[in-house]
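Student: only geometry, no sequence info:
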């Protein structure tokens, strides 16, 4: 065993071996993998080995496509057979709702780079003679699906890495991890010690134990999962080809051919966590869990009804093996916040669809500073300290049991709720508030009309919330509305070094005292890392505001790039509650409960003031996401309920109405204002997104400046625009293609209905040449093309007179 390596990867499953290979592929060969038993001894050896590129997240879809394309490469490099069967795959729809979903997804696949096909029952029957298509509407068919030999793939990664210079230490258990004080780690094993500049936790079933060694509770839990192997079927023996992978969510079953029989898997409704208190160190290698067929009977009855020949086959083997789930089913990848040079690569449920992409992204992150693809959906920092073991188990069970359930874009599942609430939650709930959840916190979506149940109906079309949201927007437009903004992230940066540190962190100029500026963050690649709002309260004291669900993500970035001597950073998101007063009468109402002079001359647009609101010390800012006159109010959370009550009491004379996120989203679309994770993300540059107008290229050095300058010098092929769409009862949601004739010229980032303008709206990245030509375009909504046109500026008050008034 070496005494020192640049990277030590803990865990010899498919993910750990992929990371080891990709580190060597990118040029780091002084690396080692440490495995307590043999390679594949955790979950990898008993995996079904299926792979597919289909995923609703574009970053994950790219990485899954990369994983599939990689198999031939590692097979050739390692001279290890990976057992690849490129059979194609069928995703069956046997209900109208599922078929509507698939038609919408098929259109999005063009944007995600997936070459899928929509096929009917006759073609499904031809591809899979085992299926009864009597009640089948159709299917999505992807030729680039199939399955591999799990052990073959894992060993191919390992052998390719070894050929490049990596070392693998088998039958070596990591007993403890200790920081050296030099930024590196001391790995104490049962075979000796090794120092590593970076440690990667790819320990799979034992990832929680590896996290606990460094004081980290990783949000994942193992779940039991069954699949069956049938005896040979005469119907398969007669075929001269291999059957495709089959996912039939309505029948609650997935299958693939295994020899001349079938491998049949289900996600039963009675999900069962395993080893909740910790995974036994001696588990694995060839060990499985006791089968519990009684839990599968309901799902198997449904599945066998669609595949009667499979129902007649005998069962050759039952596999019940654990694999890890996170609260949302996606992996935990990236640098663990608060633990320098300690990386996570665990919770990879679909290891043979995602393992290659996870390995590439993590290797890029370690060596180059950031991954090429935006993988926030996999980032370990997407969860916060609300994700307790109890919460994780509840959400993981929910995700597992709903694997075959339609998940609508406007739907929030009940698992893990209610977890966190702000001080006025009960007041808003009593007003018929309907809530979603963000970063574990209940957030108001809208307020149901009197006599209506406070429940939003899951749908791909406009929901039962439509009229209520319209009422909220109308009240804001004519008078004044109040929005609970407590979910926003709030950071205080102070100290003698704060201004200098922030000037390097953000791409815009710092505001003067009492003023506000929009503050893009860039990575070294020149791509976006955030779209924050920066308020300067004093020469050496600032407030930063951003998306609440990015607290851990941005906190990690701040720790790396903002912390230093003379700089104090505090996350005040939980300490400060927030309210936004919006509408033409918001100034009059707020003036009744504050001594701050709110007159336009004393308090202009993009200004910030400190004073009392009600009896509470407050920070009041004048800016607007809605496009109306607006004031943001931030007070100690302990005072939020009292301040809300004071505003509510005075608001009676003004017709004050509560409004939620749906109304705010409607209004920001009418203004053409983008938001993070939709219009802005790590996939885009300031020039593409239009945020370059908030980048001060000539202010001096800042993170990402050189790369951003280069991007500006070579105009991007696509730009962000606002479109008005001739839609009926459904609006664009995201990743729908934009068409010019038969050519795809862009894709939607977000959409909805503008209640003030009476228009269906969508924001999109489209080809620059098409915008300049003013060409006629169409947008796919639920699989149907709808005429659209680009709107210059915002559709509502494009000169921004109302917000500035």
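Tutor: Here it is on my side, so go on. Note that the coordinates shown come from a computational prediction; the quantities given were computed from them, not determined experimentally.

Student: after the lowest-mean-pLDDT helix or strand in the chain, next one along is what?
Tutor: Here the helix or strand of the chain ranked lowest by mean pLDDT, DSSP states H and E is helix 768-773, holding a mean of 80. Using DSSP states H and E, the helix or strand that follows helix 768-773 towards the C-terminus is strand 777-781.

Student: Show me the contact partners of that next one.
Tutor: The contact list for strand 777-781 (Cβ atoms under 8 Å, 6 or more residues apart in numbering) reads 104, 107, 723, 725, 727, 730-732, 736-740, 745-746, 748, 762, 764, 766, 770, 785-790. Backbone N, C-alpha and C define where each C-beta goes, glycine included.

Student: same thing but at 6 Å, please
Tutor: Strand 777-781 is touched from outside by 107, 725, 727, 730, 732, 736-740, 785-788, with contacts defined as Cβ atoms under 6 Å, 6 or more residues apart in numbering.

Student: Any idea how far the lengthiest helix in the chain is from the middle of the chain?
Tutor: Longest helix in the chain, counting residues (DSSP state H): helix 58-78. The chain centroid and the centroid of helix 58-78 are separated by 21 Å under Cα atoms, centre = their mean, to the nearest Å.

Student: Check the gap between residue 126 and residue 244 for me.
Tutor: Noted for residue 126: a distance of 11 Å to residue 244, by Cβ to Cβ, to the nearest Å.

Student: So which of those two has more stuff around it?
Tutor: residue 244 (24 against 9; other Cβ atoms under 10 Å).

Student: which ones are touching the nearest residue to that one once chain neighbours are set aside?
Tutor: Leaving aside its chain neighbours, residue 244 sits nearest to residue 88 (4.2 Å; criterion: Cβ to Cβ, 6 or more residues apart in numbering). For residue 88, the contacting residues are 143, 145, 244, by Cβ under 6 Å, 6+ apart.

Student: Residue 739 now?
Tutor: residue 778.

Student: moving C-terminal of whichever strand or helix holds it, what's the next helix or strand?
Tutor: Using DSSP H and E, residue 739 sits in strand 737-740. Counting by DSSP H and E, the next helix or strand C-terminal to strand 737-740 is strand 743-754.

Student: what's the neighbour count on residue 183?
Tutor: Using other Cβ under 10 Å: residue 183 sits among 10 other residues.

Student: Show the pLDDT at it.
Tutor: If you check residue 183, the pLDDT there is 95.

Student: Helices along the stretch 101-250 of the chain, start to end?
Tutor: In the stretch 101-250 of the chain, the helices defined using DSSP state H, counting those that start in this stretch lie at 121-127, 150-163, 207-212, 234-237.

Student: mind listing what's buried in the second one?
Tutor: I take that to be helix 150-163. By neighbour count on 16 or more other Cβ atoms under 10 Å, the buried set for helix 150-163 is 150-162.

Student: what comes into contact with that helix?
Tutor: 14, 17-18, 20-21, 24, 39-40, 44, 47, 49, 74-75, 77-78, 80-83, 168.

Student: For residue 633, see how far away the nearest residue to residue 615 once chain neighbours are set aside is.
Tutor: For residue 615, ignoring the flanking residues on the chain, the nearest one in space by Cβ to Cβ, 6+ apart is residue 642 at 6.6 Å. To residue 633, residue 642 is 12 Å away according to Cβ to Cβ.

Student: Who has more neighbours out of the two?
Tutor: residue 633 (26 against 16).

Student: quick one: strands adjacent to the helix or strand harbouring that one?
Tutor: Taking DSSP H and E as the criterion, residue 633 maps to strand 630-636. Applying DSSP bridges, strand 630-636 is found paired with strand 576-582 (antiparallel), strand 616-621 (antiparallel).

Student: That's all I had, so thanks and see you.
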